[in-house]
Every structure is written in structure tokens, then in C-alpha cells.
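Colleague: below are the sequence and a predicted model; questions follow.
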Amino acid sequence: MDQKDKILLTEIQKRFPLESAPYQSLARKLSISEEEVITRLNKLKKAGILRQIGAIFNPHALGYQTSLVAAAVPEEKFSQAADVINAFPGVSHNYLRNHFYNMWFTIAVPPNEPFEETLAELIKKAGVSRFLILPIKRIFHIAVVYDLNENHTEDNNIDFSFSDTDMKNFLVPDEKTISLVKLTQEDLPRVSRPFQEIARKIGLDEGEVLSWIKDSLNKGIIRRFAGLVRHTRAGVRGNIMVAWEVPEDQLEKVGKALAKEKKITHCYERKSYPEWPYNLYTMVHAQSPEEALNFVENKANELKISSYLPLETIKELKKTRLKLFW
């Protein structure tokens, strides 16, 4: 990647233009042509650096139940268990990590399907007997944004934090909404009027599609409309999930402090158990594993947290966008 690629990738992660000609808008900002913007994005997509551009939905707002699951899988059963779990369409991320609980995956279960029964059936089929269900209780920060433009000078304090909607209150989507979700969660076409192309597929006009996206952002149904980057291909190779044990009376203060850190893309309060006291989880990304570990250690010392687990990713078993209404 050259510097213009880095600026372009950083820009589309942070503020993709929701207007009729978004690539033209990006071109003006970078002082290049619309054709060059599209060519560069296609090149980055082909190289596997750009995953896609599209809507990132809040599944809870559409009736989905989700959780992180940590499973202890014996080595001799690991491959079979991974195949079974990865085959479930609601599993979007699955990692081998360096702990007794060695398989960590996220699962989403559609509306009107029983979450615990669905998960129990999947776990049983995978041959797993020990696992933890770690649903989100509170979100301090969620934004997978990698700032690749190391030479930028502008103010970079863009707030991506939000309060999650009440898990019991969600939109019951109609047929039009489901069609729009299905189309906007896919990779945005790289043409001059991409939203017009989406609109044509479901008999709407371009303005209606853009208005729906903006309204869904305001209501918290869509978290962001942005470009997504494969961080390892972009040179961000330090990837550590940290489970922190934070005293209840300090949880909000620590959560907000960690949420402000540039190297942290996710910061959640999750359910804890007597035998598993960790209640705050962060995803840390850095240029190398050593840099990420140093960052975690420094933060632990600074925040005076003595009990924490840095869980390094040994192998990526599955990583894909969660597709709603499969």
C-alpha cells in the first residue's frame, strides 16, 4: 500500500460518505479522480486488505440474541468441533486461543429461536462438555477502526461509543426492512451511484435507501456504515483479547478509560461467574504481539488491575461478517 491507499482505507473506516456519489466525495478529499478511488478500492479488495464496505448492524435491535462462548475442547476433538461450530451460520468469529478454554466463538441466534437450546444443541453436536456463555451486559466501545494514516495531522477523536438498546425491545422487521438489511450488509458496489444500484434491486429510489440507512443509524439499528479492513493484511499483527477482573465499583471508570485507547477496538462488560470472575473484555490491536502485550501490561499497572488474562490468538478458525436473515 502507498500513502494514498492508507489515507483512503482510514477514511472509509471512519466516515464513509452517505450520499449519491460517495466515491466522488472521497476523491475530492484525496485530490484524485473518482475513477482512481474505485480502482484503488478494487485493488485493495483483490489483495484481501479491504474486506468490504457496508452496513454494520446491531443484531439485538433486530431481535437476534448473541453471545461470546469460551469452550474447552480436547486436542483430539478440536478439528471436528471447529468444523461443527463453524458450520452454524450464526457463528461469525472463531479463534484458537492460548488457554484451557481454547476455542472462543461468537454466536447469533435469530428472532423467535431459543438461544440456550440452540447453543446447547450445537455444543453437544461438537462434542464439547465444558464451556462458558459470556453475553454482553454493557458496551463501552465498539469500533473496528485501524488508523493506517500515520502521517495525519487532523483531530482524530471520533466517538464510536454507543449505548446498546434494551435487549428486550427490538424492531420486528417487515419484508422491506429485511430486503434492505440483506442488501446493505453486502459489499457496496464500486460504481458511481452505488445506492441507486441497491435501490433498483428492490423497487425503491436512491433517496429512500439513503434515508433508511441514515434513519437506521440514528435509531441504533445500524452501528456504522463503513469499510472493514483485514488488519493482519494491513500490517496490524498484534491481536490480543484481554479478560479483566475489575471490582464492581471501579468497572465504569476502568471501562471508560480503556474505551478511549486507540489500540482498543472493543470494550465490553460481560457476564462473570464465581469460577470465572473476569467481567471486562477488550480487544487490543498493535503492529506486533510484543507491542500489544506491552500495552496491556502498562495499562494494567496504570489502572492498578492485578487480575487479567491476555488471550493471544493462535489461529483464526473462522472470521466473516455476520449475515442477518440467512
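Modeller: Great, that's in hand.
Colleague: my guess is Arg321 contacts Ala55, does it?
Modeller: No: between Arg321 and Ala55 there is no contact under Cβ atoms under 8 Å: 10.0 Å. The way it works is simple: take the backbone N, C-alpha and C, and place the C-beta from them, glycine included.
Colleague: between those two, which one's more packed in?
Modeller: Neighbour count, other Cβ atoms under 10 Å: between Arg321 and Ala55, Ala55 has more, with 22 against 16.
Colleague: who touches both of Arg321 and Ala55?
Modeller: Common contacts of Arg321 and Ala55 (Cβ atoms under 8 Å, 6 or more residues apart in numbering): Gln185.
Colleague: surely Ser92 is within a helix?
Modeller: No: the assignment for Ser92, made by DSSP: H, G, I helix; E, B strand; the rest coil, is strand rather than a helix.
Colleague: count the residues that sit near the residue nearest to it when sequence neighbours are not counted.
Modeller: Excluding the flanking residues, the one nearest Ser92 by Cβ to Cβ, 6 or more residues apart in numbering is Leu322, at 4.0 Å. Applying other Cβ under 10 Å, we find 19 other residues in the vicinity of Leu322.
Colleague: just Lys14 next, same as before
Modeller: Close neighbours of Lys14, defined as other Cβ under 10 Å, add up to 17.
Colleague: tell me how far it lies from Gly203.
Modeller: Distance, Lys14 to Gly203, using Cβ to Cβ, to the nearest Å: 32 Å.
Colleague: so what pLDDT did Leu50 get?
Modeller: On pLDDT, Leu50 comes in at 94.
Colleague: which non-adjacent residue is nearest it?
Modeller: Counting by Cβ to Cβ, 6+ apart, Leu50 lies nearest to Leu44, which is 4.0 Å off, once chain neighbours are set aside.
Colleague: just the element for that neighbour, please.
Modeller: Using DSSP states H and E, the element containing Leu44 is helix 34-46.
Colleague: how about the contacts made by Ala126?
Modeller: In this structure, Ala126 makes contact with 71, 73, 80-81, 84-85, judged by Cβ under 8 Å, 6+ apart.
Colleague: tabulate those in a markdown table, adding columns for secondary structure.
Modeller: Formatted as a markdown table, these follow (three-state DSSP):
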| residue | secondary structure |
| --- | --- |
| Ala71 | strand |
| Val73 | coil |
| Gln80 | helix |
| Ala81 | helix |
| Val84 | helix |
| Ile85 | helix |
